[in-house]
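Colleague: fold the following and give me the result.
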Amino acid sequence: MASRAVAATAAVLGTISGLLLVRAVAPASLADYVSASAVPGQPHTLAYRLGIFGLAATAALLAVVTRSIVALPLAVAVPMIALSGAVTCTPGCPLPPYEQTTAQDLVHATTSVLGVGLCALAMLAGAWRGSRFSKIAIFVTWPLLAGTAIGIVAVGRGSVTGVLERLGLVACVMWLVGFALGHAARSSRSPRSPRSAGSPRSAGASRYPG
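Modeller: From the prediction side, this is the model:
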(Lines give C-alpha, C1' and ligand atoms only; values in the text may rest on other atoms or scores of the structure.)
Protein backbone atom coordinates (compact mmCIF):
# COMPACT_ATOMS: atom_id res chain seq x y z
CA MET A 1 0.00 0.00 0.00
CA ALA A 2 2.84 2.41 0.85
CA SER A 3 4.49 1.66 -2.50
CA ARG A 4 1.27 2.43 -4.30
CA ALA A 5 0.85 5.73 -2.43
CA VAL A 6 4.41 6.84 -3.23
CA ALA A 7 4.02 5.95 -6.91
CA ALA A 8 0.67 7.74 -7.11
CA THR A 9 2.23 10.80 -5.47
CA ALA A 10 5.01 10.70 -8.05
CA ALA A 11 2.46 10.57 -10.86
CA VAL A 12 0.57 13.59 -9.50
CA LEU A 13 3.76 15.53 -8.83
CA GLY A 14 5.14 14.73 -12.27
CA THR A 15 1.92 15.89 -13.93
CA ILE A 16 1.86 19.17 -12.00
CA SER A 17 5.55 19.75 -12.73
CA GLY A 18 5.03 19.13 -16.43
CA LEU A 19 2.14 21.61 -16.52
CA LEU A 20 4.26 24.21 -14.74
CA LEU A 21 6.96 23.81 -17.38
CA VAL A 22 4.41 24.14 -20.17
CA ARG A 23 3.09 27.31 -18.54
CA ALA A 24 6.59 28.74 -18.32
CA VAL A 25 7.83 27.78 -21.78
CA ALA A 26 4.69 28.21 -23.91
CA PRO A 27 4.95 32.01 -24.31
CA ALA A 28 8.61 31.83 -25.41
CA SER A 29 9.76 31.74 -29.01
CA LEU A 30 10.25 28.27 -30.49
CA ALA A 31 13.70 29.41 -31.57
CA ASP A 32 14.77 29.77 -27.93
CA TYR A 33 16.05 26.94 -25.81
CA VAL A 34 13.66 25.76 -23.12
CA SER A 35 16.08 26.85 -20.39
CA ALA A 36 15.78 30.49 -21.48
CA SER A 37 12.49 30.61 -19.56
CA ALA A 38 14.42 30.20 -16.29
CA VAL A 39 16.64 33.25 -16.76
CA PRO A 40 15.99 35.80 -13.99
CA GLY A 41 13.69 38.52 -15.27
CA GLN A 42 11.60 36.23 -17.47
CA PRO A 43 7.87 36.30 -16.68
CA HIS A 44 7.55 32.67 -15.58
CA THR A 45 10.91 31.91 -14.01
CA LEU A 46 9.38 30.65 -10.78
CA ALA A 47 7.01 28.28 -12.59
CA TYR A 48 9.90 26.89 -14.62
CA ARG A 49 12.15 26.27 -11.63
CA LEU A 50 9.33 24.77 -9.57
CA GLY A 51 8.60 22.45 -12.49
CA ILE A 52 12.23 21.34 -12.69
CA PHE A 53 12.51 20.77 -8.95
CA GLY A 54 9.20 18.91 -9.07
CA LEU A 55 10.55 16.57 -11.75
CA ALA A 56 13.65 15.96 -9.63
CA ALA A 57 11.38 15.03 -6.72
CA THR A 58 9.32 12.80 -9.02
CA ALA A 59 12.43 10.91 -10.13
CA ALA A 60 13.54 10.62 -6.49
CA LEU A 61 10.22 9.11 -5.42
CA LEU A 62 10.34 6.61 -8.27
CA ALA A 63 13.95 5.72 -7.48
CA VAL A 64 12.94 4.95 -3.89
CA VAL A 65 9.86 2.91 -4.71
CA THR A 66 11.18 1.06 -7.78
CA ARG A 67 12.86 -2.21 -6.82
CA SER A 68 14.63 -2.80 -10.09
CA ILE A 69 17.57 -1.63 -12.17
CA VAL A 70 15.42 1.29 -13.32
CA ALA A 71 16.03 2.90 -9.91
CA LEU A 72 19.76 3.41 -10.55
CA PRO A 73 19.63 5.89 -13.48
CA LEU A 74 16.67 7.64 -11.87
CA ALA A 75 18.58 8.10 -8.61
CA VAL A 76 21.62 9.53 -10.41
CA ALA A 77 19.35 11.80 -12.47
CA VAL A 78 17.90 13.46 -9.38
CA PRO A 79 20.89 15.70 -8.46
CA MET A 80 21.48 16.49 -12.14
CA ILE A 81 17.91 17.68 -12.66
CA ALA A 82 17.93 19.63 -9.40
CA LEU A 83 21.23 21.32 -10.24
CA SER A 84 19.97 22.29 -13.68
CA GLY A 85 17.14 24.12 -11.93
CA ALA A 86 19.38 25.71 -9.32
CA VAL A 87 21.98 26.95 -11.83
CA THR A 88 20.18 28.81 -14.60
CA CYS A 89 21.74 29.82 -17.87
CA THR A 90 22.60 33.44 -18.67
CA PRO A 91 20.30 35.53 -20.92
CA GLY A 92 19.90 33.83 -24.28
CA CYS A 93 21.41 30.57 -23.01
CA PRO A 94 24.44 30.77 -25.32
CA LEU A 95 25.81 27.33 -26.14
CA PRO A 96 28.74 26.14 -28.25
CA PRO A 97 29.70 25.64 -30.99
CA TYR A 98 28.06 28.75 -32.49
CA GLU A 99 27.89 31.06 -29.49
CA GLN A 100 30.34 32.30 -26.88
CA THR A 101 29.27 30.72 -23.62
CA THR A 102 30.06 31.03 -19.91
CA ALA A 103 30.91 28.58 -17.13
CA GLN A 104 27.39 29.05 -15.73
CA ASP A 105 25.84 28.12 -19.07
CA LEU A 106 28.06 25.06 -19.37
CA VAL A 107 27.12 23.86 -15.87
CA HIS A 108 23.43 24.32 -16.63
CA ALA A 109 23.65 22.67 -20.04
CA THR A 110 25.74 19.74 -18.77
CA THR A 111 23.45 18.95 -15.86
CA SER A 112 20.37 19.31 -18.07
CA VAL A 113 21.78 16.92 -20.66
CA LEU A 114 22.81 14.42 -17.99
CA GLY A 115 19.41 14.59 -16.31
CA VAL A 116 17.54 13.95 -19.54
CA GLY A 117 20.05 11.35 -20.68
CA LEU A 118 19.73 9.39 -17.44
CA CYS A 119 15.95 9.40 -17.80
CA ALA A 120 16.46 7.98 -21.28
CA LEU A 121 18.67 5.25 -19.78
CA ALA A 122 15.94 4.53 -17.23
CA MET A 123 13.55 3.98 -20.14
CA LEU A 124 16.04 1.52 -21.61
CA ALA A 125 16.26 -0.31 -18.29
CA GLY A 126 12.47 -0.50 -18.16
CA ALA A 127 12.34 -1.85 -21.70
CA TRP A 128 15.03 -4.42 -20.86
CA ARG A 129 12.79 -5.66 -18.06
CA GLY A 130 10.02 -6.26 -20.56
CA SER A 131 7.95 -3.09 -20.14
CA ARG A 132 5.96 -2.47 -23.32
CA PHE A 133 5.34 1.11 -22.24
CA SER A 134 9.07 1.79 -21.92
CA LYS A 135 9.72 0.21 -25.31
CA ILE A 136 7.21 2.57 -26.90
CA ALA A 137 8.72 5.47 -24.96
CA ILE A 138 12.17 4.67 -26.35
CA PHE A 139 10.81 4.50 -29.88
CA VAL A 140 9.32 7.99 -29.49
CA THR A 141 11.75 9.75 -27.16
CA TRP A 142 15.21 8.66 -28.24
CA PRO A 143 14.92 9.97 -31.84
CA LEU A 144 13.70 13.31 -30.48
CA LEU A 145 16.59 13.60 -28.04
CA ALA A 146 19.09 12.53 -30.69
CA GLY A 147 17.59 15.07 -33.09
CA THR A 148 17.94 17.78 -30.45
CA ALA A 149 21.61 16.98 -29.92
CA ILE A 150 22.26 16.94 -33.66
CA GLY A 151 20.37 20.20 -34.06
CA ILE A 152 22.46 21.97 -31.41
CA VAL A 153 25.70 20.84 -33.04
CA ALA A 154 24.65 21.11 -36.71
CA VAL A 155 22.52 24.26 -36.82
CA GLY A 156 22.56 25.73 -33.32
CA ARG A 157 19.70 27.82 -32.05
CA GLY A 158 16.57 27.77 -34.21
CA SER A 159 12.98 26.61 -34.52
CA VAL A 160 13.92 23.07 -35.57
CA THR A 161 16.15 22.55 -32.53
CA GLY A 162 13.62 24.26 -30.28
CA VAL A 163 10.70 22.10 -31.40
CA LEU A 164 12.70 18.87 -31.09
CA GLU A 165 13.88 19.86 -27.61
CA ARG A 166 10.34 20.60 -26.45
CA LEU A 167 8.93 17.37 -27.85
CA GLY A 168 11.73 15.33 -26.31
CA LEU A 169 11.17 16.85 -22.88
CA VAL A 170 7.42 16.30 -23.11
CA ALA A 171 8.06 12.65 -23.95
CA CYS A 172 10.39 12.29 -20.95
CA VAL A 173 7.84 13.81 -18.56
CA MET A 174 5.09 11.60 -19.96
CA TRP A 175 7.26 8.53 -19.42
CA LEU A 176 7.93 9.49 -15.80
CA VAL A 177 4.21 9.95 -15.16
CA GLY A 178 3.28 6.76 -17.02
CA PHE A 179 5.96 4.80 -15.22
CA ALA A 180 4.62 6.03 -11.87
CA LEU A 181 1.05 5.15 -12.81
CA GLY A 182 2.17 1.69 -13.94
CA HIS A 183 3.93 1.07 -10.65
CA ALA A 184 0.89 2.23 -8.69
CA ALA A 185 -1.35 -0.09 -10.72
CA ARG A 186 0.98 -3.04 -10.20
CA SER A 187 1.11 -2.38 -6.47
CA SER A 188 -2.68 -2.43 -6.28
CA ARG A 189 -2.67 -5.85 -7.99
CA SER A 190 0.05 -7.35 -5.80
CA PRO A 191 -0.84 -10.97 -4.87
CA ARG A 192 -1.41 -10.47 -1.16
CA SER A 193 -4.44 -12.65 -0.61
CA PRO A 194 -4.46 -16.49 -0.64
CA ARG A 195 -6.96 -16.38 -3.50
CA SER A 196 -4.63 -14.50 -5.80
CA ALA A 197 -1.35 -16.01 -4.61
CA GLY A 198 0.02 -18.67 -6.89
CA SER A 199 -2.52 -18.13 -9.66
CA PRO A 200 -1.23 -17.71 -13.23
CA ARG A 201 -2.93 -14.34 -13.46
CA SER A 202 -1.19 -12.96 -10.39
CA ALA A 203 2.14 -14.32 -11.58
CA GLY A 204 1.73 -12.47 -14.87
CA ALA A 205 0.72 -9.29 -13.06
CA SER A 206 3.96 -9.32 -11.09
CA ARG A 207 5.85 -8.13 -14.13
CA TYR A 208 6.55 -4.44 -13.75
CA PRO A 209 4.23 -2.58 -16.16
CA GLY A 210 6.04 0.73 -16.05
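
Colleague: buried ones in the helix or strand hosting residue 59?
Modeller: Under the criterion of DSSP states H and E, residue 59 resides in helix 45-65. By 16 or more other CB atoms under 10 Å, the buried positions in helix 45-65 come out as 47-65. Where C-beta positions appear, they are placed from N, C-alpha and C, glycine not excepted.

Colleague: let's test this: mean pLDDT of that helix, rounded?
Modeller: Helix 45-65 carries an average pLDDT of 96.

Colleague: gap between residue 10 and residue 65?
Modeller: Distance, residue 10 to residue 65, by CB to CB, to the nearest Å: 7 Å.

Colleague: okay, now the unreliable bits of the protein?
Modeller: Low-confidence segments of the chain (pLDDT under 70): 1, 190-210.

Colleague: packing partners of the helix holding residue 59?
Modeller: Applying 3 or more CB pairs under 8 Å, 6 or more residues apart in numbering; DSSP states H and E, one finds that helix 45-65 makes contact with helix 2-25, helix 71-86, helix 159-188.

Colleague: export those to CSV and append columns for distance to residue 151 and mean neighbour count.
Modeller: Shown next, in CSV, are these (distance: least, CB to CB, whole Å; neighbours: other CB atoms under 10 Å):
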stretch, distance to residue 151, mean neighbour count
helix 2-25, 17, 19
helix 71-86, 19, 20
helix 159-188, 3, 21
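
Colleague: got the ones you listed as TSV, with distance to residue 141 columns?
Modeller: Formatted as TSV, the helices and strands packed on helix 45-65 follow (distance: least, CB to CB, whole Å):
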stretch	distance to residue 141
helix 2-25	14
helix 71-86	14
helix 159-188	4
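
Colleague: can you tell me the SS state at residue 69?
Modeller: For residue 69, the assignment made with DSSP: H, G, I helix; E, B strand; the rest coil gives coil.

Colleague: measure it to residue 123 for me?
Modeller: Distance, residue 69 to residue 123, by CB to CB: 12 Å.

Colleague: who has more neighbours, those two?
Modeller: Using other CB atoms under 10 Å, the more surrounded residue of residue 69 and residue 123 is residue 123, with 28 against 14.

Colleague: just checking, what packs against the helix or strand where that one lies?
Modeller: Using DSSP H and E, residue 123 sits within helix 103-128. When contacts are defined as 3+ CB pairs under 8 Å, 6+ apart, helix 103-128 sits against helix 71-86, helix 132-154, helix 159-188.

Colleague: could those go into JSON lines alongside distance to residue 20?
Modeller: Below are the helices and strands packed on helix 103-128 laid out as JSON lines (distance: least, CB to CB, whole Å):
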{"stretch": "helix 71-86", "distance to residue 20": "11"}
{"stretch": "helix 132-154", "distance to residue 20": "20"}
{"stretch": "helix 159-188", "distance to residue 20": "10"}
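
Colleague: which stretch among these comes nearest residue 92?
Modeller: Closest of those to residue 92 is helix 159-188, at 13.0 Å (criterion: CB to CB).
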